[in-house]
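S.K.: missing the sequence, but the structure's below:
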């Protein structure tokens, strides 16, 4: 019988290494039984953690066998010691599993600027390797959680040329999504066979349609990392146009599902909102407006208060730095048209809109009625609990 | 004996007109006994309230006699009716006081998109005019408050050429400062004599050094308005370089004091923080970094939690889109150096920094150690109460 919770040719594990003070599972490992193609997308911040700096060098080889990951300490702003510790983390894995050090990548998430507890990693590595199992993704997913309340792990399967391939994705997010996102990590494993350059192209495209809808370019944290490994265990090679299209769609769907899970599990989140802007001068303008609305604290607190306060929405649109004509703007909550030509549609309609806002998921649409520029982003409400969580994160 | 709480040649008033549901004073008037020079600075948002659109036209004449202001309704996104109501508001004052309509300006603040209750204004105008008094600035200051908890009213006096001049400033802010600022209104009266063009230049310069340190260019609301009137009641004309410098300094000080009052009275604010960035590549870069830090929800919630979480500060600097070298960054809380060359200075220093964070006012300084670019902005912490206030603003 097929086991739908493994990714053939991969093993994973997660153990408690006491890096995170709470004694939770905080050290994880993904291992490919054979050389895998690898590609990565990393933070564009100018302040980067040691693991990011190291990965960016190593990923260029296009080959990878293992990824070691910890939560509880970001290994960022830790100077030369931090870099030495990042290298050491990969050495522990390389020597234990008899791999070239260059084929081991790593990632860290947690508090910035604390000395990295490399000794705790060293002590925990034998147990971590002992725990490697095809069913280890559950514990791996736990190992990267910080303020996440649920683990994010998805398996997807697809037939290509009559043979089954698997794609597995694990992510962590929480923290506020953009612009103050805490570290976003995502690791994808597939048993398809894909050349590294193509893998990179496919990953970039899927990231653009998923994580970049919640974490606009440049507004990333010091440790953000997305890595994909393809080990060809299935002997299904993704080469021709049809195969590429199928795989791209599969990858897009997987990352979009993970991105949505990140938003829904954002700190203190009670509502998931898709913000659509259409009818803009161009897509760039639409993106600016969607982004300004999705990041407005006043809009997001109104979502939390289930208040159809479209004045805050139209005000955000007006200051987005994109072309708008206030007399042409229409606003919808799901299918309820709340604003027509820049003016409210009255109390009866507001009652209907308020019903939409009471849902845990809804779509906010602005039609600027200028041209056909379009953008969509995912956001969430902004609750009292967000502040509580973030005021006390380190204590 | 000199009365220090009047501005010679001006009268003011504030009454309850039932525009704001809570029955508070919500309609205000400033009246100059003679023609005053006038200058204004308005929101750069592309969505503008009717009063802003009207004022921008009328202020060009350089002359003004009265300003009528209400809280409780922003008269924004109210279409043709809204503009007709804005004009009507000024007509009521013009006909009652026998002034040309063009010499009456106005401002509104409150909820966007609600029909404007012009009848309530009309009903209240006779009482408003009846209430005009040299001592009416107190009630006027009350009339523009929305979620403000204290009124912002300052009188300043100065001798120029052996004669006393007075400058009076009234402001309202609250709401979140940038980027989601609620309406910021400020009205300045002086009995100095200043030509309109010069008045505009002086006002722009003072605004740049005060309100624009809390409400960066473009990130303004639909109704933001700063208006200054100079009625020459003192017969002190501000013309030569010495006089101009004295008056500019007086105006700068006044607006800076009001701007600080706005931040301190921000919704749910418990801490007032000046963010200084120095050693940047240039002033523009310094401004971008100071702005990103000052607007980071994660940084601001850490302030609220009295947590010296400099990792969030350095992460904000890294993603500001300005040049930084993480290995050169120093961070201070007041005089406590918490970070040197991008690395923490240890637990003993952190204890000292935490003491600074427990104060209600402190200075956060980043020295980038690149060149000499400098910027300073004012910000506040981000508290549980902010979310509570804004989730329930309309109810």
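M.R.: Happy to help now that I have it. Owing to the predicted nature of the structure, the values given are computational and were not obtained by experimental measurement. Numbers count the residues shown, from 1 in each chain, chains lettered A, B, ... in the order given.
S.K.: quick check: the nearest residue to residue A:199 once chain neighbours are set aside vs chain B, distance?
M.R.: In space, and not counting its chain neighbours, residue A:199 is closest to residue A:39: 4.2 Å by C-beta to C-beta, 6 or more residues apart in numbering or on different chains. Quick note: C-beta positions are derived from backbone N, CA and C, even for glycine. Using C-beta to the nearest C-beta, to the nearest Å, residue A:39 is found at 23 Å from chain B.
S.K.: repeat for residue A:156
M.R.: For residue A:156 relative to chain B (C-beta to the nearest C-beta), the value is 32 Å.
S.K.: which strand residues bridge that residue?
M.R.: Assessed by DSSP bridges, residue A:156 has beta-bridge partners residue A:167.
S.K.: break chain A into its domains for me.
M.R.: Domain segmentation of chain A under automatic domain parsing yields A:10-264, A:272-391.
S.K.: ok, and for stretch A:316-327, which residues are buried?
M.R.: By neighbour count on 16 or more other C-beta atoms under 10 Å in any protein chain shown, the buried set for stretch A:316-327 is A:316-320, A:322-324, A:326.
S.K.: what sits up against it?
M.R.: Contact partners of stretch A:316-327, identified using C-beta atoms under 8 Å, 6 or more residues apart in numbering or on different chains, comprise A:277, A:280-281, A:284-286, A:288-289, A:291-293, A:296, A:298-299, A:314, A:329, A:341-342, A:366, A:368-370, B:44-48, B:77, B:79, B:179-180, B:218-222.
S.K.: what about the residue nearest to residue A:199, neighbour count?
M.R.: 24 (other C-beta atoms under 10 Å in any protein chain shown).
S.K.: thinking again about what came up before, including distance to residue B:29 and mean pLDDT, could the domains of chain A go into a markdown table?
M.R.: Formatted as a markdown table, those follow (distance: least, C-beta to C-beta, whole Å; pLDDT from 0 to 100):
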| stretch | distance to residue B:29 | mean pLDDT |
| --- | --- | --- |
| domain A:10-264 | 42 | 92 |
| domain A:272-391 | 25 | 92 |
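S.K.: enumerate every residue touching the residue nearest to residue A:199.
M.R.: Going by C-beta under 8 Å, 6+ apart, residue A:39 touches A:59, A:62, A:196, A:199-200, A:202-203, A:227-228.
S.K.: now, the most widely separated pair of these?
M.R.: Greatest spacing in these, by C-beta to C-beta: A:59 and A:202 (14.7 Å).
S.K.: Serialize the domains of chain A to CSV and add fields for distance to residue B:147.
M.R.: Output for these, formatted as CSV (distance: least, C-beta to C-beta, whole Å):
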stretch, distance to residue B:147
domain A:10-264, 23
domain A:272-391, 11
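S.K.: for chain A, which segments are assigned as strands?
M.R.: A:10-15, A:27-42, A:63-73, A:104-111, A:152-160, A:163-172, A:185-190, A:225-230, A:272-280, A:330-333, A:336-340, A:343-344, A:361-367, A:373-380 (DSSP state E).
S.K.: quick one: the helices in the stretch 201-350 of chain A?
M.R.: Along the stretch 201-350 of chain A, counting by DSSP state H, counting those that start in this stretch, helices occupy A:241-264, A:283-294, A:297-304, A:310-318, A:347-357.
S.K.: what residues does the stretch 1-150 of chain A put near chain B?
M.R.: For the stretch 1-150 of chain A, the residues in contact with chain B (C-beta under 8 Å from any C-beta of the partner chain) are A:44-48, A:74, A:76-79, A:111-114.
S.K.: what subset of those residues is buried?
M.R.: When the residues of the stretch 1-150 of chain A next to chain B are checked for burial by 16+ other C-beta under 10 Å, the buried set is A:45-48, A:74, A:76-79, A:111-114.
S.K.: tabulate the contacts of residue A:39 (CSV), appending neighbour count.
M.R.: Listed next are the contacts of residue A:39 as CSV, based on neighbours: other C-beta atoms under 10 Å in any protein chain shown:
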residue, neighbour count
A:59, 20
A:62, 16
A:196, 19
A:199, 26
A:200, 19
A:202, 21
A:203, 24
A:227, 24
A:228, 28
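S.K.: where does the stretch 101-250 of chain A get nearest to chain B, which residue?
M.R.: Nearest residue of the stretch 101-250 of chain A to chain B (C-beta to the nearest C-beta) works out as residue A:112 at 2.5 Å.
S.K.: quick check: chain neighbours aside, which residue is closest to that residue?
M.R.: With sequence-adjacent residues excluded and distances taken as C-beta to C-beta, 6+ apart, residue A:112 is closest to residue B:311, at 2.5 Å.
S.K.: I'd say that neighbour and residue A:109 touch.
M.R.: No: using C-beta atoms under 8 Å, residue B:311 is not in contact with residue A:109, being 11.6 Å away.
S.K.: more neighbours, those two?
M.R.: The neighbour comparison of residue B:311 against residue A:109 (other C-beta under 10 Å) goes to residue A:109, with 31 against 25.
S.K.: the residue lying closest to residue A:166 once chain neighbours are set aside: neighbour count?
M.R.: In this structure, residue A:166 finds its nearest non-sequential neighbour in residue A:7, 4.8 Å apart by C-beta to C-beta, 6+ apart. Residues lying near residue A:7 (other C-beta under 10 Å) number 27.
S.K.: same check on residue A:57?
M.R.: As a burial measure, residue A:57 scores 9 neighbours (other C-beta under 10 Å).
S.K.: do the same with residue A:239
M.R.: The local packing of residue A:239 (other C-beta under 10 Å) involves 12 other residues.
S.K.: distance of it from residue A:246?
M.R.: Remark: distance between residue A:239 and residue A:246 (C-beta to C-beta, to the nearest Å) = 12 Å.
S.K.: ok, residue A:103 next?
M.R.: Residue A:103 is 28 Å from residue A:246, by C-beta to C-beta.
S.K.: thinking again about what came up before, deepest-packed of the helices of the stretch 201-350 of chain A, please.
M.R.: Of all the helices of the stretch 201-350 of chain A, helix A:310-318 carries the top mean neighbour count, a mean of 27, counting by mean count of other C-beta atoms under 10 Å in any protein chain shown.
S.K.: from the middle of its chain, how far away would that helix be?
M.R.: Put simply, helix A:310-318 sits 28 Å off its chain's centre (C-alpha atoms, centre = their mean, to the nearest Å).
S.K.: list the contacts for the residue lying closest to residue A:158 once chain neighbours are set aside?
M.R.: Nearest-residue entry for residue A:158: residue A:250, 5.3 Å, with adjacent residues in sequence omitted and distances by C-beta to C-beta, 6+ apart. Residues in contact with residue A:250 (C-beta under 8 Å, 6+ apart) are A:156, A:158, A:167.
S.K.: over to residue A:357?
M.R.: By C-beta under 8 Å, 6+ apart, residue A:357 lies in contact with A:271, A:303, A:306-308, A:333.
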